[in-house]
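Novice: dropping the sequence and predicted coords here.
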Amino acid sequence: EDQVTQSPEALRLQEGESSSLNCSYTVSGLRGLFWYRQDPGKGPEFLFTLYSAGEEKEKERLKATLTKKESFLHITAPKPEDSATYLCAVRENAGNMLTFGGGTRLMVKP
Amino acid sequence: ETGVTQSPTHLIKTRGQQVTLRCSSQSGHNTVSWYQQALGQGPQFIFQYYREEENGRGNFPPRFSGLQFPNYSSELNVNALELDDSALYLCASSSFGETQYFGPGTRLLVL
């Protein structure tokens, strides 16, 4: 059974204070690892897809990386508007369902 | 390009009632997946529809059922509502096997 664990559950940063969010996963055959951003009461917004170990993707202040056991979402010089819950999900080779972690709630203070 | 839309945005039902939630896919997408998200947790996969057929199901009882229509829109039906069914219900559309894009969700409260 696929498992996805995100840490920390919550993270408070000062504006400009860089940090990383972790997503550890167990899957029989990884077909893709996905990062989404979710604002309160809204649907998840797609950020990145990573397919193989060593792959990296960047978008503005965010950079996602992937190893065979985990993924990191690095946030460089965050701003208050980066405050949200960040969700990680995996899709295995055998199916099309996404298995999500519990999310990391990020709060960036000005 | 129109994104994924869901209706209604909010719904209040009482225990034992039935509910139907609706989803319109993003243009060009042929696959719809439904997820349940309890407060403070990640989304849980309910089922997926591709070409009007169920194409995968998560650990949810048969009282959760669905439909996909020829225009790729979809419905989620839940019978005999229970208090624990209170959650945000998310619909995601995609081309088969590709990245899933989520709608805004329907917030269901069961009293």
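Specialist: Sure thing, it's come through.
Novice: B:Gly16: neighbouring residues, count only.
Specialist: 10 (other Cβ atoms under 10 Å in any protein chain shown). To be clear about C-beta, it is placed using only N, CA and C from the backbone, and glycine gets the same treatment.
Novice: right, and it touches B:Val78 too?
Specialist: No: taking contacts as Cβ atoms under 8 Å, B:Gly16 lies outside contact range of B:Val78: 11.3 Å.
Novice: which parts of the chain are strands?
Specialist: This is for chain A. With DSSP state E as the criterion, chain A has strands at A:3-7, A:10-14, A:19-26, A:30-38, A:45-50, A:56-59, A:62-66, A:70-75, A:84-92, A:99-100, A:104-109.
Novice: chain B, not that one
Specialist: B:5-7, B:10-13, B:19-24, B:31-37, B:44-50, B:53-57, B:64-68, B:74-78, B:87-94, B:101-102, B:106-110.
Novice: quickly check: the fifth one near chain A or not.
Specialist: This means strand B:44-50. Yes: remark: strand B:44-50 sits within contact range of chain A at B:Gln44, B:Phe45, B:Gln48, B:Tyr50, by Cβ under 8 Å from any Cβ of the partner chain.
Novice: so can I have a markdown table of the strands of chain B showing distance to A:Glu92, mean pLDDT and mean neighbour count?
Specialist: Output for these, formatted as a markdown table (distance: least, Cβ to Cβ, whole Å; pLDDT from 0 to 100; neighbours: other Cβ atoms under 10 Å in any protein chain shown):
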| stretch | distance to A:Glu92 | mean pLDDT | mean neighbour count |
| --- | --- | --- | --- |
| strand B:5-7 | 26 | 97 | 16 |
| strand B:10-13 | 33 | 97 | 13 |
| strand B:19-24 | 24 | 98 | 19 |
| strand B:31-37 | 15 | 97 | 25 |
| strand B:44-50 | 12 | 95 | 22 |
| strand B:53-57 | 11 | 92 | 14 |
| strand B:64-68 | 22 | 97 | 18 |
| strand B:74-78 | 23 | 98 | 21 |
| strand B:87-94 | 16 | 96 | 24 |
| strand B:101-102 | 20 | 96 | 22 |
| strand B:106-110 | 27 | 98 | 18 |
